[in-house]
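got a predicted model here, sequence first, then my questions.
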Amino acid sequence: LRYLDIHTTKKMRLLTHNYLISNVKGTKEGYPLQIEAEEVVIEDSPFDQELLTGILPKLNYEAVIGALHQVADKVEPKPADIPEKLPEEGEIDSATLEALYHVLFNIHVIEGHLVCPDTGRKFPIKQGIPNMILHEDEI
């Protein structure tokens, strides 16, 4: 784990991962991408409950849980536990909301790969930026 200058480094949050999909030609199930993390950093940001509650209905929560499990061995300090299934709206306590916010917004993959679950195609993550550009033969 290393601390990076927040003004010069781009980062892929786990939130970003939730919206990425593989569009390689012939792919039937290009979502969710698997994460092979080489470097993960924690960068705390102020908790924004309004932002989080607006995003929650749009998330694939199962993919969030999968992503967290895939990077967990690279995350220090370990994040607070989040439920395996998203509680109903209005039933989420403040500690769970803060833990979810931390997972989605404060855990950043800096180096590694995103892997298509259907084709195995690896998309590199370099300096926190996932490169999802397809090769000519993949279009």
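Cool, got the structure.

what about the closest residue to Gly128 other than its chain neighbours, neighbour count?
Using CB to CB, 6 or more residues apart in numbering and skipping residues adjacent in sequence, the residue nearest Gly128 is Lys11, 3.8 Å away. The way it works is simple: take the backbone N, C-alpha and C, and place the C-beta from them, glycine included. Using other CB atoms under 10 Å, the number of residues around Lys11 comes to 19.

ok, which stretches of this protein are strands?
For the chain, the strands defined by DSSP state E cover 12-13, 34-42, 107-115, 122-126, 129-130.

who touches the longest helix along the chain?
Criterion DSSP state H: the longest helix present in the chain is helix 61-71. Applying CB atoms under 8 Å, 6 or more residues apart in numbering, the contact partners of helix 61-71 are 14, 17-18, 31-32, 34-37, 40, 79, 82, 84-86, 103-104, 107, 109.

local confidence estimate at Leu1?
Looking at Leu1, its pLDDT is 48.

give me the low-pLDDT residue ranges for the protein?
The model of the chain has pLDDT under 70 over residues 1-10.

one more pass at 90, please.
Across the chain, the ranges flagged by pLDDT under 90 are 1-11, 77, 79-81, 88-90, 135-139.

cheers, nothing more for now.
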